[in-house]
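Participant: With the sequence up front, the predicted model follows.
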Amino acid sequence: MYSYSELLTRISEAFAANPFDHEPKELYEPITYTLEEGGKRLRPVLVLLACDMFGGDIEKALYPAMGLEIFHNFTLLHDDIMDQAAIRRGKEAVHKKWNSNTAILSGDTMFVLAYEYVAKTDPSLLPAVMELFNETAKQVCEGQQFDMNYETRSDVSIDEYLMMIRLKTAVLIACSLKLGAILAHADSAEANKIYEYGIHLGLAFQLQDDYLDAFGEVSKFGKMIGGDIVTNKKTFLFLKAFEIAREDMLIKLTHYFRDPIHEGTEKIQGILDIYRTLGIDKITNGEIESQLFNGISVLESLTVEDSRKTELKELTLGMMKRES
């Protein structure tokens, strides 16, 4: 069995051995810029972890794993344009460093490259692999559209929000794990279970992002703190606060989120004070822990030896301490 750090190193080596130094450089430089830091590279590592757990050959899963990472980063390029986010992973977003047209075109190219890499797999497994990837790519786009729809709605429920982040974030993490299982020729029932585990992991991951956007540290989180508050984004924290706030606190919340006078630092601090008073930080952490423990329950139901589940269990529990 490989450790998480060993698989992360292997993924990094694979990207280094396959540089995107093609022409025209104006198209490919933003792609290299996006992938060179790599972020956590959680998704490709999950592909390899699942493949290894089910007894597969990780070398045969490398290209599909890279394809998922390229696809994930493509979505980030386009998301940053839609959200007008200036920072990604502690550095300038592509549309800021270059321009929006370049970010769109480089992102489109990454989408094509993602398919190219995912398709580099055992021909006998290709139909199942492409069916999974196509469905996931479609769901991610559906999730993004729901997210955009919610910007203009005042009646979004927490259930609707969880459905949206399931599509926008969790399905790609679940896809990573199921892809690894498929590439290891795992039983379909086991592959479906590891997918379910991935959904819980992905929901926890996005809820943790919501939490860190409000209560994290810029130096560790890699993005501006309070960005969701400034843009009135309907996160779990936002929705839960409006759900449980009583009249006096509800008036304050509405005042901060709807009064254009309150912007920037003043607005962020005001909302964070309300969140703390309402215990939103503790409620959100409770929801994160619930998702992670549900995921561990699914993981434990897999028929593979317990020793082969160790890395995923440690990853799951480690997310409770995640700061970036």
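Facilitator: It's in.
Participant: going forward, measure contacts between C-alpha atoms and count neighbours the same way
Facilitator: Noted.
Participant: okay, and for this structure, where does confidence drop off?
Facilitator: 37-39, 218-224, 259-263, 323-324 (pLDDT under 70).
Participant: Would you tell me which helix is longest in the chain?
Facilitator: Ranked by residue count, the top helix of the chain under DSSP state H comes out as helix 188-215.
Participant: Check which helices and strands it is in contact with.
Facilitator: helix 158-165, helix 171-183, helix 227-230, helix 236-244, helix 280-300 (3 or more CA pairs under 8 Å, 6 or more residues apart in numbering; DSSP states H and E).
Participant: Counting neighbours, which bits of it end up buried?
Facilitator: 190-215 (16 or more other CA atoms under 10 Å).
Participant: distance between that helix and the chain's centre?
Facilitator: Centroid separation for helix 188-215 versus its chain: 9 Å, with CA atoms, centre = their mean, to the nearest Å.
Participant: Stretch 144-158 now?
Facilitator: 18 Å.
Participant: hmm, who's touching it?
Facilitator: Residues lying outside stretch 144-158 but in contact with it, judged by CA atoms under 8 Å, 6 or more residues apart in numbering, are 164, 167, 168, 233, 234, 236, 239, 240.
Participant: 10 Å - rerun?
Facilitator: The contact list for stretch 144-158, computed with CA atoms under 10 Å, 6 or more residues apart in numbering, reads 75, 79, 82-83, 139-143, 160-161, 163-165, 167-169, 231-240, 243.
Participant: Also stretch 295-313?
Facilitator: Identification of contacts with stretch 295-313 by CA under 10 Å, 6+ apart yields 1-4, 46, 49-50, 52-55, 189-191, 193-202, 204, 289-293, 314, 316-318.
Participant: Quick check: end-to-end length of that stretch?
Facilitator: 9 Å (CA to CA, to the nearest Å).
Participant: Give me the distance from that stretch to the chain's centre.
Facilitator: Relative to its parent chain, stretch 295-313 has a centroid offset of 22 Å by CA atoms, centre = their mean.
Participant: what comes up buried for that stretch?
Facilitator: 295, 296, 298, 299, 308, 309, 311, 312, 313.
Participant: for these, which one is nearest residue 67?
Facilitator: Nearest to residue 67 among those is residue 312, at 21.1 Å by CA to CA.
Participant: Next, that closest one: phi, psi?
Facilitator: Dihedral pair for residue 312: phi -70, psi -40, per degrees, to the nearest 10.
Participant: Check which helices and strands the host helix or strand of residue 33 is in contact with.
Facilitator: Assigned by DSSP states H and E, residue 33 belongs to helix 25-37. Counting contacts by 3 or more CA pairs under 10 Å, 6 or more residues apart in numbering; DSSP states H and E, helix 25-37 is packed against helix 4-17, helix 62-83, helix 94-97, helix 100-118.
Participant: How about residues contacting it?
Facilitator: Applying CA under 10 Å, 6+ apart, the contact partners of helix 25-37 are 12, 15-16, 19-23, 38, 41, 69-70, 73-74, 76-77, 88-89, 91, 93-95, 97-98, 102-107, 109-110.
Participant: For the residues you listed, which ChimeraX command selects only the ones that are buried?
Facilitator: Selecting only the buried entries of those in ChimeraX, with 16+ other CA under 10 Å as the criterion:
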select :12,15,20,38,41,69,70,73,74,76,77,88,89,93,94,95,102,103,104,105,106,107,109,110
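Participant: picking that back up, and the next element down the chain from the helix holding residue 33?
Facilitator: Using DSSP H and E, the helix or strand that follows helix 25-37 in sequence is helix 42-53.
Participant: what packs against that following helix?
Facilitator: Packed next to helix 42-53, using 3+ CA pairs under 10 Å, 6+ apart, are helix 4-17, helix 62-83, helix 171-183, helix 188-215, helix 310-318.
Participant: Tabulate the ones you listed (a markdown table), appending distance to residue 125.
Facilitator: Listed next are those as a markdown table, based on distance: least, CA to CA, whole Å:
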| stretch | distance to residue 125 |
| --- | --- |
| helix 4-17 | 21 |
| helix 62-83 | 12 |
| helix 171-183 | 7 |
| helix 188-215 | 12 |
| helix 310-318 | 24 |
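Participant: between these, which gets nearest to residue 282?
Facilitator: Minimum separation from residue 282 across the helices and strands packed on helix 42-53 (CA to CA) falls at helix 188-215, 9.8 Å.
Participant: tilt between the closest one and helix 158-165?
Facilitator: Per axes from the mean of the first three to the mean of the last three CA atoms, to 10 degrees, the angle that helix 188-215 makes with helix 158-165 is 110 degrees.
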